[in-house]
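Novice: Here is my input; please provide its structure:
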Amino acid sequence: MQLNMRLIGAIIGFALATLSITHAADFFYNDVSGATQWEEPDLPVAYQDEEGRKYWHDGKSGEATWEYPGSWNEVQSEEHGQPYFFNKETQASQWERPEPMGW
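Specialist: Numbers count the residues shown, from 1 in each chain. Just a heads-up that it's a prediction; the model follows:
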């Protein structure tokens, strides 16, 4: 009986250790291009805080900002009730999320 309890304890301990190792790394998915990778992308990545607000984290600098730090901005269209995307450098606008903002 003691041997069985030790064996069960060892199995549970191994399973818990395996789970914590498996979930230790983030997996990144670009919802525009469909690209996936284990390494943090070179472009800023979108996250949500505890209240559901989106912020951007730049893995290179380690900084986080509320607005996308690149040339694109997400803007809410009052007329259409949905977001569109505006490029500050080129003055272009589009309904589809630009690939750099897909992470």
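
Novice: rest of the way, CA atoms for contacts and neighbours
Specialist: OK.

Novice: Give me the helix or strand of this structure that scores worst on average pLDDT.
Specialist: helix 2-22 (a mean of 53; mean pLDDT, DSSP states H and E).

Novice: for whichever helix or strand comes after it, packing partners?
Specialist: Downstream of helix 2-22, the next assigned helix or strand under DSSP states H and E is strand 28-29. Contact analysis of strand 28-29 by 3 or more C-alpha pairs under 8 Å, 6 or more residues apart in numbering; DSSP states H and E lists strand 36-37 as its packing neighbours.

Novice: distance of residue 38 from residue 28?
Specialist: 6 Å (C-alpha to C-alpha, to the nearest Å).

Novice: So which of those two has more stuff around it?
Specialist: Counted by other C-alpha atoms under 10 Å, residue 38 and residue 28 do not tie: residue 28 has more neighbours, with 15 against 10.

Novice: List the contacts of the more buried one.
Specialist: Counting by C-alpha atoms under 8 Å, 6 or more residues apart in numbering, residue 28 touches 36, 37, 38, 39, 40, 41, 103.

Novice: What subset of the residues you listed is buried?
Specialist: 40, 41, 103 (16 or more other C-alpha atoms under 10 Å).

Novice: and residue 73, how many neighbours?
Specialist: 19.
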